[in-house]
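Trainee: How does the following fold in three dimensions:
(chains A and B)
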Amino acid sequence: MIELYAGGVGLWAPGFADVAAFAAGLPGPAAAPRAEILPAALRRRASPLAQMVATAAAQAAAQAGIDLAAVPLVLGSALGEIGLAVTMLGELRQGEGLPSPTRFHNSVHNGPAAYVSLATGNRGFSTAVAAGSETPAAALLEVAALLLERGGEAILALADEPPPAPFAPARPFPPLAVAIHLSARPGPRTRAVLRGPRRAAGRSPDLPAPFADHPCAGGLALARAIEAGRGGEVRLGPAGERGWVVDLAGGGGP
Amino acid sequence: MHSTRRAEIPVLAYSAANALGTDAGRILEALRAGRSGLVPCPLEIPFQTACGLLPDALDPLPPRLHPFDSRLCRIALLALEGVRPSVEAAVRRHGRERVALLVGTSTGGIRETEAAHGAWAASGRLPAGYDFDRQHAFHGVLEVLRAVTGASGPAWVVSTACSSSGKVFAAGRRLLLAGLADAVLVGGVDTLCQTTLRGFGCLQALSRTPCRPFHAQRDGTSIGEGGAFALLAREGEGPVRLLGAGESCDAYHMSHPHPEGLGARLAMEEALTQAGLPAAEVDHVNAHGTGTPANDLPEARAISAVLGDAVPVASTKGYTGHLLGAAGATEAVLAALSIVHGFLPRSLGAEPVDPGVTIAICRAAAERRVRTVISNSFAFGGSNVSLLLGAA
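Mentor: Next up, the predicted model:
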């Protein structure tokens, strides 16, 4: 059984500036993600998704007391830069029929992870994965396999924005980025012990609407449980036979 | 740490489909003959360029998978054909849940989404039968491969632009070493589409004529479509082995490589370290070699720094075009062909070679023993992967 140690969590969603605010269930006024780790010139060019990921990842790293420049980053996103992709589809029919160069290079699925690497000077490991409603479990498995191989620590970031018209989903979800610091070993800042993920048929992650329909809902449920210091089974989604869960034990410093 | 021997991953089977042919035999024949698959691009785009195409008409998906039908999935099934019996055997031997699926793609099903968006702009309605979740989204191809092969272990898409399907070999290696799967189908697939052709066009990264990697007057790359798959396993004997897979970032620029190829160096060095192999024992490099002015010189410097100037280096982009999300897996298969069949391809279009390039570019095809090959793939966002393959 894989065992990982969570040392910090981060979040950005409209009205929620961090995981604590979300766990308290009290939305504030919607403010843009601060993305403070991005130097001004990079922040101006970064997509909304990249700014969300940079914000959440920096919170998780700060809480765990680690340097984002020195740890691997695994980004899970079901749809990636779908907003940029759809904007480009419009651009292809206007003027010269070419997209904006910045929009094009930003539109890659690994764009948000790349902005974190650029901002921090991190030349180590980073990747970007997608698996539809299994995205949170897939990204967590990628982190687990990475840490089993080389030890150390990593940031798991999960983020999606809703696809714009005409591809908006029947059950709308808000933009959301969540990040979790994970380590192969317990440390002084360990907040929770994760075992898994493992398959378990069941219901969707236990979250209020509209977050329950978010492709990264499982990541949000996990971050909230870590924040609350709650033990037990956390559903990563999806509902049904192909579901995944993680078993969580709260606290547990060395 | 795992011992060197244990970290060697058998590659039980491989297959590919691209502009050179729809199976490994035809692809090998074209490489040996030095025959490019690149042709003038027939898609409606506002500039001239060459590209690598598969036939226009590809077999549709089986009826039960019709909602997932897309050119991407059609290419995936075509490219899968050569490894499918081995994957089915792995499912029978290890059980469905123990066979994982990792696919690299950059385009996903955007080709269908481009058409659907056009229809919506004209009529205000998306076409009947268009399904964003099943045709556009990356996980559609996972559902199709799961249904066709029966493999139902962990499955995800790695999408890091042009390094995507090199990185699935690295991720597959980790799943096997961690004991999270007994076999992993890894591969990559991308389609030609308006978004990438016009996107690379707007960056002035496309040549009007077939690309000429490492050439003194190279003026851009050529895009291709295609797919490639390989079956990695914890045990067994296959034609080649995955000895190492190094991954790094440039941390330099979103679409320009580090001028000295620092990230590329780190990826190659990590692959060698994992393999426990001295640089002098690398027999051949299948370079990323896109043929853009920006890529080739930094890559040549990185190869020179890590492996020296004697190792024969070829880019195969002049044959297939740049397969983007499918490039890593495709070139891993070409590297495997070099090992299994004992030959080095000519680096098509390279002469006269850029005088700044000090490494040994393959100016002619050669028949010789090849025990180890490094295959490089570099991407937007500064994402790098180097695969090290060796003879079984």
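Trainee: Endpoints of stretch B:289-298, how far apart?
Mentor: Stretch B:289-298 has an end-to-end distance of 10 Å (criterion: CA to CA, to the nearest Å).
Trainee: gap between residue A:25 and chain B?
Mentor: Residue A:25 sits 30 Å away from chain B, going by CB to the nearest CB, to the nearest Å. Yep, even glycine has a C-beta here, placed from its N, CA and C like the rest.
Trainee: For that residue, which non-adjacent residue is spatially closest?
Mentor: Distances taken as CB to CB, 6 or more residues apart in numbering or on different chains put residue A:208 closest to residue A:25, at 7.6 Å, once the chain neighbours are dropped.
Trainee: Spatially central residue for chain A, please.
Mentor: Computing the C-alpha centroid of chain A and ranking residues by CA atoms, centre = their mean puts residue A:158 first, at 1.7 Å.
Trainee: and that residue, that one's in a strand?
Mentor: Yes. Judged by DSSP: H, G, I helix; E, B strand; the rest coil, residue A:158 forms part of a strand.
Trainee: My guess is it contacts residue A:178. True?
Mentor: Yes. Because the distance of 5.2 Å satisfies CB atoms under 8 Å, residue A:158 is recorded as touching residue A:178.
Trainee: got any residues that touch both of those two?
Mentor: Both residue A:158 and residue A:178 are in contact with A:216, A:219-220, where contact means CB atoms under 8 Å, 6 or more residues apart in numbering or on different chains.
Trainee: in terms of contact, does residue B:234 touch residue B:176 like I think?
Mentor: Yes. With contact defined as CB under 8 Å, residue B:234 counts as touching residue B:176 (5.0 Å).
Trainee: Mutual contacts of those two, please.
Mentor: Shared contacts of residue B:234 and residue B:176 (CB under 8 Å, 6+ apart): B:9, B:182-183.
Trainee: hmm, stretch B:150-169 in reach of chain A?
Mentor: Yes. Counting by CB under 8 Å from any CB of the partner chain, chain A is contacted by stretch B:150-169 at B:154-161, B:167.
Trainee: Looking at those residues, which two lie furthest apart in space?
Mentor: Greatest spacing in these, by CB to CB: B:154 and B:161 (22.5 Å).
Trainee: ok, how many other residues are close to residue B:330?
Mentor: 36 (other CB atoms under 10 Å in any protein chain shown).
Trainee: State the pLDDT value of it.
Mentor: Residue B:330 carries a pLDDT value of 98.
Trainee: And the helices in chain A?
Mentor: With DSSP state H as the criterion, chain A has helices at A:19-24, A:40-45, A:48-64, A:82-91, A:101-106, A:111-120, A:135-150, A:217-228.
Trainee: What mean pLDDT does the last one get?
Mentor: What helix A:217-228 shows for mean pLDDT is 97.
Trainee: right, is that helix up against chain B?
Mentor: No. Using CB under 8 Å from any CB, we find that helix A:217-228 stays clear of chain B, coming within 13.7 Å at best.
Trainee: tell me the angle of that helix relative to helix A:135-150?
Mentor: Helix A:217-228 runs at 70 degrees relative to helix A:135-150, counting by axes from the mean of the first three to the mean of the last three CA atoms, to 10 degrees.
Trainee: Pull the residues that contact helix A:217-228.
Mentor: A:6, A:9-11, A:19-20, A:22-23, A:76, A:135-137, A:139, A:156, A:158, A:176, A:178-180, A:191-192, A:194, A:204-207, A:211, A:214, A:232, A:234-237, A:244, A:246, A:248, A:250.
Trainee: Go again with 6 Å.
Mentor: The contact list for helix A:217-228 (CB atoms under 6 Å, 6 or more residues apart in numbering or on different chains) reads A:6, A:9, A:19, A:23, A:136, A:158, A:178, A:180, A:191-192, A:205, A:207, A:211, A:234, A:236-237, A:248.
Trainee: Show me these that map onto strands.
Mentor: Within the contacts of helix A:217-228, residues falling in strands by DSSP state E are A:6, A:9, A:158, A:178, A:180, A:192, A:234, A:236-237, A:248.
Trainee: and of the residues you listed, the nearest to residue B:68?
Mentor: residue A:237 (20.6 Å).
Trainee: Which residues are in contact with the closest one?
Mentor: The contact partners of residue A:237, taken as CB under 6 Å, 6+ apart, are A:133, A:204-205, A:217-218.
Trainee: Which strand residues bridge it?
Mentor: residue A:244 (DSSP bridges).
Trainee: what separates it from residue B:158, distance-wise?
Mentor: Applying CB to CB, to the nearest Å, the value for residue A:237 to residue B:158 is 20 Å.
Trainee: Residue of the stretch 251-392 of chain B nearest chain A, please.
Mentor: Ranked by CB to the nearest CB, the top residue of the stretch 251-392 of chain B for proximity to chain A is residue B:381, at 2.8 Å.
Trainee: so residue B:151, which of the three states?
Mentor: Assignment for residue B:151 (three-state DSSP): coil.
Trainee: partners of the residue lying closest to it once chain neighbours are set aside in the sheet?
Mentor: The shortest distance from residue B:151 to any non-neighbouring residue, by CB to CB, 6+ apart, is to residue B:99 (3.8 Å). Beta-bridge partners recorded for residue B:99 (DSSP bridges): residue B:183.
Trainee: Would you agree residue B:99 is in contact with residue B:149?
Mentor: No. Contact criterion CB atoms under 6 Å: residue B:99 and residue B:149 do not qualify, at 7.5 Å.
Trainee: neighbour-wise, which of the two wins?
Mentor: More neighbours surround residue B:99 than the other of residue B:99 and residue B:149, with 28 against 22 (other CB under 10 Å).
Trainee: Identify the residues contacting the more buried one.
Mentor: Here residue B:99 is in contact with B:90-91, B:151, B:153, B:183 (criterion: CB under 6 Å, 6+ apart).
Trainee: again, only this time at 8 Å
Mentor: Counting by CB under 8 Å, 6+ apart, residue B:99 touches B:87, B:90-91, B:149-153, B:181-185.
Trainee: distance of it from chain A?
Mentor: Counting by CB to the nearest CB - residue B:99 and chain A are separated by 14 Å.
Trainee: Before we move on, what's the pLDDT of that residue?
Mentor: pLDDT for residue B:99: 98.
Trainee: swap in the one 4 residues further on?
Mentor: For residue B:103, the pLDDT comes out at 98.
Trainee: Please apply the same query to the one 4 residues further on.
Mentor: Residue B:107 is assigned 97 on the pLDDT scale.
Trainee: Residue B:374: which element?
Mentor: Using DSSP states H and E, residue B:374 sits in strand B:372-379.
Trainee: Pairing partners for the helix or strand just after that strand, with directions?
Mentor: Later in the chain than strand B:372-379, the nearest helix or strand by DSSP H and E is strand B:383-391. With DSSP bridges as the test, strand B:383-391 is paired with strand B:240-249 (antiparallel), strand B:372-379 (antiparallel).
Trainee: now the residues of stretch B:150-169 next to chain A as JSON lines including secondary structure and neighbour count?
Mentor: Compiled in JSON lines, those are given as follows (DSSP: H, G, I helix; E, B strand; the rest coil; neighbours: other CB atoms under 10 Å in any protein chain shown):
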{"residue": "B:154", "secondary structure": "coil", "neighbour count": "26"}
{"residue": "B:155", "secondary structure": "strand", "neighbour count": "25"}
{"residue": "B:156", "secondary structure": "strand", "neighbour count": "26"}
{"residue": "B:157", "secondary structure": "strand", "neighbour count": "33"}
{"residue": "B:158", "secondary structure": "strand", "neighbour count": "33"}
{"residue": "B:159", "secondary structure": "coil", "neighbour count": "28"}
{"residue": "B:160", "secondary structure": "coil", "neighbour count": "35"}
{"residue": "B:161", "secondary structure": "helix", "neighbour count": "28"}
{"residue": "B:167", "secondary structure": "helix", "neighbour count": "32"}
